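Enquirer: Need coordinates for the following:
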Amino acid sequence: MFNPARLTLARERRLITKKDLAAKAGISPVTLTRIESGGTDAPEEPTIEALASALNYPSSFFFLGDPEVLQENSVSFRRMSSTTAGQQKAARWAGSLAYEIDDWVHQRFNLPKPEVPDLREESPENAALSLRSMWGVGFKPIKHIISLLETNGVRVFSLDESNCNVDAFSVWRGTKPYVFLNTQKSAERSRFDAAHELGHLVLHQHGLLQEPGGIEKKEREKEADRFASAFLMPREDLLARVPSFPSLGDLIKLKSRWGVSVAALAKSAFDAGLVSDWHYRALCRELSAAGYRKKEPGPMARERSVAWEKILRSLWSKGHTKQRISSALSLPIDELEALIKTVVDDKAQKEAEKARSGNKSGATLRLVHSDR
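Expert: Numbers count the residues shown, from 1 in each chain. Reported below is the predicted structural model:
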């Protein structure tokens, strides 16, 4: 049966108004409103095909069950005030699609169980140290934060919204934690976003996002930032490595140790008492003048998901390309690729396909399994 909720999802994911979609599909706005509101029992097949074509979604997508909706007060948008209502809806629908992909993968692979504790009773800095201890990191630099999150059961997806208004967000789905990272950010800033969202997961997981007020929202964001700084750059390590009165050049040379932006390192050095208020403000002016707020000096390579790469390589080795996976999920391939954009590249798929060359038998998707 045609599911009007799926039409709403696809339309809002594409950021298309009802009026524009109706025009592209060749139907009246009134007819579209009736279809999307469930006011018509069964749209005719040509109408469904026209809507699917206009949205670039497979027709089969509109005959699936109700999508799982991410409620606004359960999602920790980093820059909620700067996003439009449409962009927020589109991002939440990306989460709904990620849930479906995750469920599909979970049926075929054994993924790590979540090991993300409730640390809301601790200060952000102490929570960061506690989690480092629990995850066996100690005071060492975290070289690969995405892998660390995945190893401890956090589901990591890309958020390819073609804008920076939605930096990143995290959400709890029952006992499963999810993090979505915007692919428009630099590698260093994306790492900080990942740590920031981890801060939300451990500090604000039990109803603390409900009905946020403006001041409360800002305070939670500050707490997540403090957690991220302490998690990526422990104060003990900063004190041992950063010289007194560091120059901008010193910070640029040192930032690669922790995999952070030079701006984040300057802020952490200030918070650790290594630089005075006057010196910090001078560093900030120098950063801005050099353009380092927008373009990172000495940029690092973007991290890729180890878990997703293993999953996709296993599927590809059995002939299950991204196109076949998207077809099995009744998703357009661009939505699948957007949600795993920072995971693997086409070269990896070609290598996997080359490795299985000559093996034409393949296996059904139902038979694909893997250990952790």
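Enquirer: what's the spacing between stretch 228-242 and its chain's center?
Expert: The gap between the average C-alpha position of stretch 228-242 and the chain average comes to 25 Å, counting by C-alpha atoms, centre = their mean, to the nearest Å.
Enquirer: Hmm, I typed the wrong one, I wanted stretch 90-105.
Expert: Counting by C-alpha atoms, centre = their mean, stretch 90-105 is centred 11 Å from the centre of its parent chain.
Enquirer: So what touches it?
Expert: With C-beta atoms under 8 Å, 6 or more residues apart in numbering as the contact definition, stretch 90-105 has outside contacts at 9, 12-13, 15, 67-70, 72, 75, 77, 83, 111, 155, 157, 159, 161, 166, 169, 171, 173, 176, 178, 180, 311, 328-329, 331, 335-336, 338-340. In this view, the C-beta of every residue, glycine as well, is placed from N, C-alpha and C.
Enquirer: are any of these buried, and which?
Expert: 9, 12-13, 67, 70, 75, 77, 83, 111, 155, 157, 159, 161, 166, 169, 171, 176, 178, 180, 311, 329, 331, 335-336, 338-340 (16 or more other C-beta atoms under 10 Å).
Enquirer: Just to be careful, could you list which of these are in helices?
Expert: Leu9, Glu12, Arg13, Ile311, Leu329, Glu335, Leu336, Ala338, Leu339 (DSSP state H).
Enquirer: Let me know the closest of those residues to Leu232.
Expert: Closest approach to Leu232 among these (C-beta to C-beta): Leu339, at 24.7 Å.
Enquirer: From what I see, the closest one and Asp160 are in contact.
Expert: Yes - between Leu339 and Asp160 a contact is recorded at 7.5 Å, counting by C-beta atoms under 8 Å.
Enquirer: Helix or strand: which one has Leu119?
Expert: Leu119 is part of no helix or strand when elements are defined by DSSP states H and E.
Enquirer: Quick check: the residue lying closest to Arg120 once chain neighbours are set aside vs His144, distance?
Expert: Nearest residue to Arg120, sequence neighbours excluded (C-beta to C-beta, 6 or more residues apart in numbering): Leu203, at 5.3 Å. Applying C-beta to C-beta, to the nearest Å, the value for Leu203 to His144 is 23 Å.
Enquirer: So the two - more neighbours on which side?
Expert: With neighbours defined as other C-beta atoms under 10 Å, Leu203 and His144 compare such that Leu203 has more, 23 against 15.
Enquirer: Dig out what the most centrally placed residue in the chain forms beta bridges with.
Expert: Among the residues of the chain, the one closest to the centroid is Phe180, at 1.3 Å (C-alpha atoms, centre = their mean). Beta-bridge partners of Phe180, counted by DSSP bridges, are Phe157, Phe169.
Enquirer: isn't it right next to Asp160, touching?
Expert: No - in terms of C-beta under 8 Å, Phe180 does not count as a neighbour of Asp160; the distance is 9.8 Å.
Enquirer: list residues touching both of those two?
Expert: Overlap of the contact sets of Phe180 and Asp160 (by C-beta under 8 Å, 6+ apart) is empty.
Enquirer: need the contact list for the residue nearest to the centre of the chain.
Expert: Contacts for Phe180 were tallied using C-beta under 8 Å, 6+ apart; they are Ala91, Ala94, Gly95, Ala98, Val156, Phe157, Ser158, Leu159, Ala168, Phe169, Ser170, Glu197.
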